[in-house]
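Participant: take this sequence and fold it.
(2 chains)
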Amino acid sequence: DQQVKQNSPSLSVQEGRISILNCDYTNSMFDYFLWYKKYPAEGPTFLISISSIKDKNEDGRFTVFLNKSAKHLSLHIVPSQPGDSAVYFCAASKGGTSYDKVIFGPGTSLSVIP
Amino acid sequence: KAGVTQTPRYLIKTRGQQVTLSCSPISGHRSVSWYQQTPGQGLQFLFEYFSETQRNKGNFPGRFSGRQFSNSRSEMNVSTLELGDSALYLCASSFVGYLNTEAFFGQGTRLTVV
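Facilitator: Numbering: from 1, shown residues only, chains lettered A, B, ... in the order given. Just a heads-up that it's a prediction; the model follows:
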């Protein structure tokens, strides 16, 4: 059973609008969350993270929101640009970010339409 | 600074065969981890090597094995290939083995089992 879920396999957004990518998790012990971006034919790259002691973290156009009671986090991209078109993976961990502790979701493919 | 290099980029094998994939980490990085990416499953952790020792292992059968050499290059071997092993295999390298801003992924090896 997947502990990290990204229920939307794909999302299309107009350039300049807001992109909202959602992620749900089942394990309330997760205390650290990460987002990765992956272009075709490239490896995933780290985008942004958030600790469970926060409910929001912002980095430029990217903001991650965490709702612990709902076990839900979201990644907001404002404004969306065509270069943001990629697959976005949500990941969660408990007790550190060593490789064995991080669980990835299945990914959401974002298309930003010019 | 050279990135993480994975070879080969693409591979087609027949069921029952075995395969070896290679990963050269960023210079100075001693931790190399391996992931399997399949549609709908996200990235699933296979194992991590640090200073030539397997430090962590994911939930994969014994057909999946690996090793790391003194120059930190790592190889992953899959024996008795099954159709379900068709996937993108990614490796990541880092200094000490944490999945965060200091970890970098290679482009992956696309394995197709026919």
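Participant: rest of the way, CA atoms for contacts and neighbours
Facilitator: OK.
Participant: contacting residues for residue 29?
Facilitator: This is for chain A. A:Lys94 (C-alpha atoms under 8 Å, 6 or more residues apart in numbering or on different chains).
Participant: other chain: chain B
Facilitator: B:72, B:93-96.
Participant: which strand or helix spans the residue sitting nearest the centre point of chain B?
Facilitator: Nearest to the mean C-alpha position of chain B, by C-alpha atoms, centre = their mean, lies B:Trp34 at 3.2 Å. Assessed by DSSP states H and E, B:Trp34 sits inside strand B:31-38.
Participant: next helix or strand past that strand?
Facilitator: Past strand B:31-38, the next helix or strand by DSSP H and E is strand B:42-50.
Participant: average pLDDT across that following strand?
Facilitator: Mean per-residue pLDDT for strand B:42-50: 94.
Participant: report the buried residues of the helix or strand just after it.
Facilitator: Sequence-wise, the next helix or strand downstream of strand B:42-50 (DSSP H and E) is strand B:53-57. Across strand B:53-57, burial judged by 16 or more other C-alpha atoms under 10 Å in any protein chain shown covers B:54-57.
Participant: point me to the residue of chain A nearest chain B.
Facilitator: Chain A approaches chain B most closely through A:Pro106 (3.7 Å), counting by C-alpha to the nearest C-alpha.
Participant: that residue - that's part of a helix, no?
Facilitator: No - going by DSSP: H, G, I helix; E, B strand; the rest coil, the assignment for A:Pro106 is coil, not a helix.
Participant: in chain B, which spans are strands?
Facilitator: B:5-7, B:10-13, B:19-24, B:31-38, B:42-50, B:53-57, B:64-68, B:74-78, B:87-94, B:104-105, B:109-113 (DSSP state E).
Participant: ok, now which ones touch the closest residue to the residue nearest to the centre of chain B other than its chain neighbours?
Facilitator: Of all residues not flanking B:Trp34 in the chain, B:Cys91 sits nearest, at 4.4 Å (C-alpha to C-alpha, 6 or more residues apart in numbering or on different chains). Counting by C-alpha under 8 Å, 6+ apart, B:Cys91 touches B:4, B:6, B:23, B:32-35, B:105-106, B:108.
Participant: what does A:Tyr39 give?
Facilitator: Contacts of A:Tyr39 by C-alpha under 8 Å, 6+ apart are A:85-87.
Participant: one more time with 7 Å
Facilitator: A:86-87 (C-alpha atoms under 7 Å, 6 or more residues apart in numbering or on different chains).
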